Each structure stands twice: as C-alpha cells, then as structure tokens.
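Q: coordinates only, sequence not included:
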C-alpha cells in the first residue's frame, strides 16, 4: 500500500465522523446516568459559521465529550435560529429577483417562500458543524419555527405577560427604514460619528417680571446634537449654583418653533460636560448623590433587616448576601416605599445615565432580588410589578 506524501485529512475525517454517526455515539436517551446537557446557541439560518462559532462550538464539544468519557449521559442539542429580520431581508431579495413584491403576498404566501428559502440554504450551517466534528445528537435537531418550539415560545410569552414582565408602553425604538420594523438593541450596529452641535435660543417669558428685569427679547441657549427632539421638551434644567441662571429659577421659556411654554427647573442633576450654556438632561451627579449618601442606615421590613453598607439582608438571623446591583435596587425601593417607580428611573439610578442597559436586564435583576426577599417569588408581596409602568415596593 502506497502512502501519500501528505496526510489527506478530508477522507479520514469523513470516514470516522460517519462511523461515529453509524454507531450512534452521540445519541442520548434518558436513563439512570447523571444527565449532562448543552443546548447549542442556535446560529442564524441566514449565514455561515465564522471564527466565533468555531471557538464556541469547539469549547462546547470539549465539555460534552469530557462528560461522555466520565460516564454521564451527555446530550448536545443542535438547532438553528430563523433570524426573522435577516431572513426576511434575504427572502424579499429573492422575491425581487423573481419580480414579486412582498406587499402583493398574504402572510401565508410569504411564509411559504420563507420556508422554501430555509430548506434551500438553512442546511449549510448544520453541514459545517458536522465538518467541525461536533458530537451533536442529530436526531434532536430543532429549528426555532418548528411548531412545537413556536408554541412553547407563545406559551412563555403569555406567561411572562400575565406576570407583568412584558408590557406595552411608548418608548423610543430602533426603526429599520427598509424592513419597516423595530429592531432590538442587540441588532443595531453602533458606530461613533462626528456630529454637529446646534445652539437653539429659548425665549424667556418675562410677562410677570418686575421693571428691573431684562427686556422680553432675553433668551437662554440650549446646545444639542438632536434639534429634531425639541418638540418633546417639557422643561429646561439649570444648575442651582450657576450664577448665570439664578435669575431664571422658577421662570418659564418658550420652546422654539412650537412656542410651548415650559418651566426652568434648578437641580443638581445638571453638569456642564460640553461647556454649553444649559444641558437638558439628568446626569451622574444625581445618581451619585442617591447612591453614595449615608449607608450606615438599617432598614427593617417584615422579618428582614437590610444593611446596605455590607450588601446584606438578615431574615431572622439568617444572612443573605446581595450583589452590588441588587443592593442598589433594594436600597432605592426602601427609600421610596409604596411609590410606583418606572423602569427608566430605576435604570438611571442603578446603572447611570450613560449605560446601555435595557429593561430586560433590569427585570432579570428584579427576579433575582425577589428570590432573596420574597417568601413566594412567584406571588410577590413586597416587590410588586405595576404592569406597563414599573415596580412598587410595599414594605408593610
């Protein structure tokens, strides 16, 4: 038998991987052994594997194979994600090439084309995983639009809605102008850009001022990179110690273009990071004031004591440790008992104004905090959800 000059790995890999499949080495059936299960983070059906997939799946494969060698009932579940927005874009492009407009199709007709596209291109990633030698239980392959999976998602959605974790409200969203749909923060590709700073004049309302006041043409200047948002202005904030604006405390100004009369509010929210005249925003100074004030206090509620300085709860002498974020959340609620606190306010206080945290992260921390303070976290009596708004802490 003549040996090749170089090792030909492709036929060897193909031979042995097929041998593993034929012998069902990766197949898992529940039995008395200790279970060890990994559900693959499903890659999008629209693309191909990249280096990140290779690294992540290699690590998973190592863990599963190690567990299998240790005698555990190891199960690695494969699957793909329908990636609705990305898939829709691909299907719309395919239809355009065929001279078909999406708007001319019914929902069911469009879904039939989507399934056609998925069946044609969706198997590429699974074949690539096999090429990597991944020891997946291929009999369990799942797609996120499979009927059973889809129904499970709907059931969980309804359950979360009934618990108040999913709510409808007016929010700024990421809008895709081509797909005409909202995008999650994770789907937005952000980049830093050079922007122009606009200075806008807000005329001061001097109708009720004394004769010593300045004339009616006085104005205060606001600097912003988003002049189109001034239609939503409801107040102008100034720093209470800023000598330039002390004469404006308690007065009113008119928003340009729409001539809406809004108050001038003095508060130490305001800093001057851009050397602008006034910044209409809530900034870190307020958050630091709230979180860094005296923490030697001890809060008592129910059968519990909260010691914020050591991030600890005590229930009838039993010590319960809190994370830094859980401690901040609970401390703010305890300082505002029985007050309905919206999610935006809570995120500002806990994470700061320049954080990219979203409501999903906040709700996750609320769930974890409930497990530590509630006797029955599924039916919370202390930390209650106010559907569509936020939360209320009832210490009594």
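A: It's in. Not measured: the values here are computed from a predicted model.
Q: which residue ranges of the stretch 101-250 of the chain form helices?
A: Using DSSP state H, counting those that start in this stretch, the helices of the stretch 101-250 of the chain run over 107-121, 123-131, 147-162.
Q: deepest in the core, which of those is it.
A: Among those, ranked by average contacts under mean count of other Cβ atoms under 10 Å, first place goes to helix 123-131 (a mean of 16). From N, CA and C alone the C-beta is placed, and that goes for glycine too.
Q: export the helices of the stretch 101-250 of the chain to TSV and tack on mean pLDDT and distance to residue 223?
A: Formatted as TSV, those follow (pLDDT from 0 to 100; distance: least, Cβ to Cβ, whole Å):
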stretch	mean pLDDT	distance to residue 223
helix 107-121	85	46
helix 123-131	88	48
helix 147-162	92	41
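Q: tell me which of those lies nearest to residue 137.
A: helix 123-131 (12.0 Å; Cβ to Cβ).
Q: quick one: the strands in the stretch 101-250 of the chain?
A: In the stretch 101-250 of the chain, the strands defined using DSSP state E, counting those that start in this stretch lie at 142-143, 174-176, 181-183, 198-205, 219-224, 236-238.
Q: out of these, indicate the one that is most buried.
A: Mean neighbour count (mean count of other Cβ under 10 Å) peaks for strand 236-238 among those, with a mean of 21.
Q: what pLDDT does the model give residue 283?
A: Looking at residue 283, its pLDDT reads 41.
Q: make a markdown table from the helices of the stretch 101-250 of the chain and add distance to residue 17 to it.
A: A markdown table is the format used below for those (distance: least, Cβ to Cβ, whole Å):
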| stretch | distance to residue 17 |
| --- | --- |
| helix 107-121 | 22 |
| helix 123-131 | 6 |
| helix 147-162 | 27 |
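Q: okay, now the unreliable bits of the stretch 251-396 of the chain?
A: Within the stretch 251-396 of the chain, the segments meeting pLDDT under 70 span 268-296, 353-356.
Q: show me where it has its strands.
A: Applying DSSP E, counting those that start in this stretch to the stretch 251-396 of the chain gives strands spanning 252-254, 261-266, 299-301, 304-307, 312-315, 318-321, 340-342, 383-386, 390-393.
Q: circling back: of all the strands of the stretch 101-250 of the chain, which one is nearest residue 389?
A: Residue 389 sits nearest to strand 181-183 of all these, at 20.5 Å, using Cβ to Cβ.
Q: for the closest one, packing partners?
A: Here strand 181-183 touches strand 174-176, going by 3 or more Cβ pairs under 8 Å, 6 or more residues apart in numbering; DSSP states H and E.
Q: quick one: list the elements packing against the strand it packs on.
A: strand 181-183.
Q: name the surrounding residues that touch the strand it packs on.
A: Residues outside strand 181-183 that contact it (Cβ atoms under 8 Å, 6 or more residues apart in numbering): 85, 173, 174, 175, 176.
Q: the fourth one and residue 391: what is the separation?
A: Here residue 175 is placed at a distance of 28 Å from residue 391 (Cβ to Cβ, to the nearest Å).
Q: please apply the same query to the third one.
A: As judged by Cβ to Cβ, residue 174 and residue 391 stand 25 Å apart.
Q: which helix is the longest one in this protein?
A: helix 51-69 (DSSP state H).
Q: quick check: next helix or strand after that helix?
A: Downstream of helix 51-69, the next assigned helix or strand under DSSP states H and E is strand 73-77.
Q: neighbouring strands of that following strand in the sheet, and parallel or not?
A: strand 35-39 (parallel) (DSSP bridges).
Q: how far does the strand it pairs with sit from its chain's centre?
A: Here strand 35-39 shows a centroid-to-chain-centroid distance of 26 Å under the convention Cα atoms, centre = their mean, to the nearest Å.
Q: any buried residues in it, and which?
A: 36, 38 (16 or more other Cβ atoms under 10 Å).
Q: what angle separates it from helix 51-69?
A: 170 degrees (axes from the mean of the first three to the mean of the last three Cα atoms, to 10 degrees).
Q: having no further points to raise, I will conclude here.
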